[in-house]
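> Sequence and predicted structure, then a few things I'm wondering about:
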Amino acid sequence: MASSIRRTRVRKVPLSEMKDDLSRFLREAEKGEIVITRHGKPAGVLIGFESDDEWFDYLLENDPRFLQRVDNARRSIRAGRGIKLEKVRGLA
């Protein structure tokens, strides 16, 4: 999904600096995650989205119901209960 491809740069920013100019950091977070620190220790992560598609990908990647359905489907295929794509398309 998109987020795993574009996330190359991680920057650390103190919370006190983040509070002063949040909108600037949101724009920067579109290009890479920003780790927010409190007293020099990681306290959170700011993630920006360049598009609605990236937002949708993030929602899917973090939705336990969706992840459970993917896991169930993979187990079903491994158990031989899948249908070949060619058959679905009517080519087989």
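Looks like it arrived, so ask away. This structure is a prediction, so every number in the text was calculated from the model and none was measured. Numbers count the residues shown, from 1 in each chain.

> The closest residue to residue 36 other than its chain neighbours in helix, strand or coil?
Using C-beta to C-beta, 6 or more residues apart in numbering and skipping residues adjacent in sequence, the residue nearest residue 36 is residue 44, 4.5 Å away. Bear in mind the C-beta positions are built from the backbone N, C-alpha and C, glycine included. Following DSSP: H, G, I helix; E, B strand; the rest coil, we place residue 44 in the strand state.

> Name the residues of the helix or strand hosting residue 25 that are buried.
Here residue 25, judged by DSSP states H and E, is contained in helix 22-29. Residues of helix 22-29 classed as buried: 25, 28, 29 (neighbour count, 16 or more other C-beta atoms under 10 Å).

> do the same with stretch 43-59
Buried residues in stretch 43-59 (16+ other C-beta under 10 Å): 46, 47, 48, 49, 54, 57.

> Spit out the contact partners of the third one.
Counting by C-beta atoms under 8 Å, 6 or more residues apart in numbering, residue 48 touches 26, 27, 28, 29, 30, 31.

> and with 7 Å instead?
By C-beta atoms under 7 Å, 6 or more residues apart in numbering, the residues touching residue 48 are 26, 29, 30.

> you'd agree the last one is up against residue 54?
This means residue 30. No - using C-beta atoms under 7 Å as the test, residue 30 is too far from residue 54 to be in contact (8.5 Å).

> Quick check: mean pLDDT of the helix holding residue 25?
Averaging pLDDT along helix 22-29 gives 92.

> thinking again about what came up before, now do the residue nearest to residue 36, the pLDDT please.
Residue 44 carries a pLDDT value of 95.

> What of residue 91?
Reading off the model, residue 91 has pLDDT 68.

> same deal with residue 86?
pLDDT for residue 86: 83.
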